[in-house]
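Colleague: Sequence unavailable; structure follows:
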Ligand SMILES: NC(=O)N[C@@H](CC(=O)O)C(=O)O
Ligand SMILES: [Zn+2]
């Protein structure tokens, strides 16, 4: 199959290219990039007025497979990824069984290959069964293709074990993706600790629940030299600490999710569990600090923390409903609307944070549109304004606080390995 993408605005951080050009794709590879390519193609796409960017790379998704496939599975959630412009996603290991050995890693990889939509890389758990007692078979999982380890859903509370894990990760040359939450301090908190929580009589989650673990993990990264990547940062102090770590040349990177830079806890609707996620929606000064941190380069990654849950599970009280919202089908539009139109990021920086930087952190030859690379490409319309409609999601789940929110910027097409895996024109 040959595809010619004509006249789009190519945004390629790897080669610092921001120019109107054509792309020619042959047998899954970008074989030519330039002005007015004359080659004949089986499919020609008019990309006039569109951004042409490398396929997005999401460092933080929950596919729920194996074990929680009533919420989502490899097929439905990679369809959701394709519709969101993603061509590579990292699956978190909090499944049933937990991904703590190479067999489960291979199961997910094989399933994703047979579905054949986007690239899935399975993250390995840090400890066996995520029980926080004994290290998982990290080396074996890395050999099976895990690009990172994570205890996502919780923190490894035992600092000695957390340090031992970092030593193994350092030796394997992989990052530790760290969900920072002090288990004892969080108690039974459900939303951010503030006046809203008080008014609704809900137990609060303080910023220190997250900040204390971030501080500890940065110190352990300094001690071990392991690459620490902080998941779903939500607090002002997280930005300050990442800045400190970078000044000290500690190998730390950090991600922010669209809901944390778009919403504050004041946006919550009482009793609506689509606003319940972990970490919770914070205060205005936190949100502003996250946006500034993304803008000045402190925070290098935008990930989704895509966390599907069924309507039944979410149709419960704020106390009982599970934490988490879906995110892959709204991330590009929210990022464009809030951060690019909001003046915090250039379109090129948006591509860096959603594709190029994650690929760099994970040592993947992705996130670029260079000639000779696999054709993972996304076409984005920066002019299209519309209301988000959760009923159009390809995810099995619809748990989003963004239903009917007006946004600008639409994923028009996703090409993975030279194959069109999503085409908005066919919806
Ligand atoms: N973020 C969430 O609110 N939920 C995630 C777990 C996680 O990423 O911490 C989940 O697995 O549902
Ligand atoms: Zn998490």
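Modeller: In hand now; what should we look at? Everything quoted here is computed from the prediction, not taken from an experiment. Ligands and ions are numbered 1, 2, ... in the order given.
Colleague: give me the element residue 167 is part of.
Modeller: According to DSSP states H and E, residue 167 maps onto helix 159-172.
Colleague: buried set for that helix?
Modeller: 161-166, 168-170, 172 (16 or more other C-beta atoms under 10 Å). Glycine gets a C-beta too; all of them are placed from N, C-alpha and C.
Colleague: residues in contact with whichever residue of the stretch 101-250 of the chain sits closest to ligand 2?
Modeller: Sorted by distance to ligand 2 under C-beta to the ion, the residues of the stretch 101-250 of the chain start with residue 179, at 3.5 Å. Each residue near residue 179 by C-beta atoms under 8 Å, 6 or more residues apart in numbering is listed here: 150-155, 231-232.
Colleague: and it, how far is that from ligand 1?
Modeller: When C-beta to the nearest ligand atom, to the nearest Å is the yardstick, residue 179 and ligand 1 sit 5 Å from each other.
Colleague: again with residue 359
Modeller: Applying C-beta to the nearest ligand atom, the value for residue 359 to ligand 1 is 21 Å.
Colleague: just to revisit the earlier point, per-residue pLDDT of the residue of the stretch 101-250 of the chain closest to ligand 2, please?
Modeller: The per-residue pLDDT reported for residue 179 equals 98.
Colleague: What of residue 418?
Modeller: Note for residue 418: predicted pLDDT of 98.
Colleague: wait, it sits on residue 3?
Modeller: Yes: counting by C-beta atoms under 8 Å, residue 418 does reach residue 3; the two are 6.9 Å apart.
Colleague: more neighbours, those two?
Modeller: Using other C-beta atoms under 10 Å as the criterion, residue 418 and residue 3 rank with residue 3 on top: 22 against 19.
Colleague: doesn't that one fall inside a strand?
Modeller: Yes: with DSSP: H, G, I helix; E, B strand; the rest coil as the criterion, residue 3 is part of a strand.
Colleague: Quick check: closest non-adjacent residue to it.
Modeller: In space, residue 3 comes closest to residue 25 once its chain neighbours are excluded; the distance is 4.2 Å by C-beta to C-beta, 6 or more residues apart in numbering.
Colleague: mind checking the longest helix of this protein?
Modeller: Ranked by residue count under DSSP state H, the longest helix found in the chain is helix 207-224.
Colleague: so how far is the very next helix or strand once past the helix holding residue 167 off the chain centroid?
Modeller: From helix 159-172 onward toward the C-terminus, using DSSP H and E, the following helix or strand is strand 176-178. Averaging C-alpha positions (C-alpha atoms, centre = their mean, to the nearest Å) puts strand 176-178 13 Å from its chain's average.
Colleague: Repeat that for stretch 346-364.
Modeller: For stretch 346-364, the gap between its own C-alpha mean and the chain's C-alpha mean amounts to 11 Å (C-alpha atoms, centre = their mean).
Colleague: Tell me the spacing between residue 338 and ligand 2.
Modeller: Between residue 338 and ligand 2 the computed distance is 21 Å (C-beta to the ion, to the nearest Å).
Colleague: Assess the claim that that residue and residue 261 are in contact.
Modeller: Yes: the criterion here is C-beta under 8 Å, and residue 338 meets it with residue 261 at 6.0 Å.
Colleague: can you pull out the helices in the protein?
Modeller: Under DSSP H, the chain gives helices at 74-83, 102-115, 138-143, 159-172, 183-186, 195-200, 207-224, 236-247, 258-262, 284-295, 311-314, 331-335, 347-351, 357-361.
Colleague: Any idea which of those gets closest to residue 14?
Modeller: Comparing the helices of the chain against residue 14 with C-beta to C-beta, the closest turns out to be helix 357-361 (8.8 Å).
Colleague: Can you give me the domain assignment for this protein?
Modeller: Taking automatic domain parsing as the reference, the chain has its domains at 2-51+374-395+404-426, 55-361.
Colleague: Tell me which of these sits most buried.
Modeller: Across these, averaging neighbours per residue (mean count of other C-beta atoms under 10 Å) puts domain 55-361 on top, at a mean of 21.
Colleague: End to end on that one, go ahead and measure it.
Modeller: For domain 55-361, the separation between the terminal residues is 16 Å (C-alpha to C-alpha, to the nearest Å).
Colleague: Could you check how far it is from the centre of its chain?
Modeller: Domain 55-361 has its average C-alpha position 7 Å from the chain's average C-alpha position, going by C-alpha atoms, centre = their mean.
Colleague: Residues of the stretch 1-150 of the chain that sit close to ligand 1?
Modeller: Within reach of ligand 1 by C-beta under 6 Å from any ligand atom, the stretch 1-150 of the chain has these residues: 62, 94.
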